[in-house]
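Visitor: Any chance you could fold what I've pasted below:
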Amino acid sequence: MRRLILSIFVIFLTFSCSQRLSLSRISTRNIRVNSQTSTVDSLVQSVITPYRDSIESDMSKLVAVSASPLKKGKPESELTDLVADILLESGTEYCKTNHLNIVPEISYVNYGGLRASLPQGNITVGNLFELMPFENEIVIIKISGNAVRQMADQIAARGGEGISGFKLGIRNEKAGKLTINGKDVDPEAFYWLVTNDYVANGGDQMSMFANPADRIDTKLKIRDDLITVLGNRYKKSGIITVKEDGRIYNEY
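Guide: Presented below is the predicted three-dimensional model:
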C-alpha cells in the first residue's frame with residue numbers, strides 16, 4: 001500500500017513540474033496552385049466538365065438588352081428604380097393571380113442587396129446571378145403609415161435606396177416630404193409593401209417590418225422573377241431603357 005501511494009506521489013510531482021508550452025509565433029505563406037505546381041487529374045476533369053459546360057451554357061443565356069449600363073447609386077439610380085419597380089409589379093401580379101383582395105402600393109429594395117451592376121448591351125442569366133447572388137424571396141407585408149415614415153427615415157439616413165410607388169424628399173439625412181400616389185402618408189392608415197424576406201424579417205436595421213399587421217410569403221425567388229420579367233419585356237418591347245424619375249430627391 002505504501003509503495004502504491006509513493007508511486008502516485010512521484011507521478012503527481014512529475015506532471016505538476018512539467019514545462020508549460022505556449023504559442024509564441026505563427027508563420028504562414030500562400031502556396032499558389034496552378035499548372036506548374038500540380039497536374040490536372042483526367043478522371044476528375046472528365047466528371048467535372050459536363051457540369052461546368054452545362055452551367056456556363058445556362059449562365060450565358062440572353063435575358064435582355066439594355067440601352068445603357070445600369071448601376072446603383074444614391075439617392076436613386078436606374079438600377080434601384082428598375083428592381084424596385086419590378087418588385088412592385090410582381091407583387092401586384094401575384095395578388096391578382098391568387099385572387100387576393102390586395103393591391104400593393106409601394107416596394108422597397110435594400111441597397112446592399114444589389115451586388116453588381118448590369119452592363120450596357122446583352123444582359124445574361126449570369127449577370128443577374130451576380131446582381132442578386134442570394135436566394136431572397138418576395139414578401140408582401142401590411143404596415144402602418146407610421147412604420148412607412150420610420151422606413152423613410154432609415155432610407156434618408158442612408159442617402160437613398162430602392163423604392164417604388166412613393167416619393168421621398170431628404171433633408172439633413174431625414175425624411176421630408178413623403179407621399180404615396182401623390183397623397184401624404186397617413187400615420188394611422190395601413191399600406192401593403194413588397195420587399196424581400198431578409199428585410200421583411202427585420203434585417204438591415206428594418207425593425208419596423210418585423211411585426212406587420214399581415215404578411216404574405218410568396219415563395220417566389222426575386223432573381224428568377226427578374227429573369228422572367230426582363231425577358232418578357234425584351235421580347236415584347238425590345239431594348240430596355242430605364243430613366244430616373246426623381247422619386248427620391250434632396251430637399252433644399
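Visitor: can you give me the helices in this structure?
Guide: Applying DSSP state H to the chain gives helices spanning 2-16, 42-59, 78-97, 125-131, 145-157, 197-200, 222-237.
Visitor: average pLDDT for the first one?
Guide: In other words, helix 2-16. Per-residue pLDDT values over helix 2-16 give a mean of 56.
Visitor: can you check the fifth one too?
Guide: The predicted model gives helix 145-157 an average pLDDT of 97.
Visitor: swap in the fourth one?
Guide: Per-residue pLDDT values over helix 125-131 give a mean of 97.
Visitor: Take it, keep the C-alpha atoms, and write them as PDB.
Guide: What follows is helix 125-131, C-alpha atoms only, in PDB (Å, rounded to 0.1, in the frame of the first residue of the first chain):
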ATOM      1  CA  VAL A 125     -28.600  35.000 -66.700                       C
ATOM      2  CA  GLY A 126     -25.100  35.100 -65.200                       C
ATOM      3  CA  ASN A 127     -25.300  38.900 -64.900                       C
ATOM      4  CA  LEU A 128     -28.500  38.600 -62.800                       C
ATOM      5  CA  PHE A 129     -26.900  36.000 -60.600                       C
ATOM      6  CA  GLU A 130     -24.100  38.500 -60.000                       C
ATOM      7  CA  LEU A 131     -26.600  41.200 -59.300                       C
END
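Visitor: Show me what that helix is packed against.
Guide: For helix 125-131, the packing partners by 3 or more Cβ pairs under 8 Å, 6 or more residues apart in numbering; DSSP states H and E come out as helix 42-59, strand 62-66, helix 222-237. In short, each C-beta sits where N, CA and C put it, glycine included.
Visitor: possible to save the helices of the chain as TSV with mean neighbour count and distance to residue 189?
Guide: Formatted as TSV, the helices of the chain follow (neighbours: other Cβ atoms under 10 Å; distance: least, Cβ to Cβ, whole Å):
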stretch	mean neighbour count	distance to residue 189
helix 2-16	9	74
helix 42-59	10	44
helix 78-97	21	18
helix 125-131	18	34
helix 145-157	20	5
helix 197-200	22	20
helix 222-237	17	27
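Visitor: could you dump the ones you listed to a markdown table with distance to residue 206?
Guide: What follows is those, written out as a markdown table (distance: least, Cβ to Cβ, whole Å):
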| stretch | distance to residue 206 |
| --- | --- |
| helix 2-16 | 57 |
| helix 42-59 | 31 |
| helix 78-97 | 15 |
| helix 125-131 | 20 |
| helix 145-157 | 7 |
| helix 197-200 | 5 |
| helix 222-237 | 16 |
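Visitor: just how off-centre is stretch 132-142 within its chain?
Guide: Centroid displacement of stretch 132-142 relative to its chain, using Cα atoms, centre = their mean, to the nearest Å, is 8 Å.
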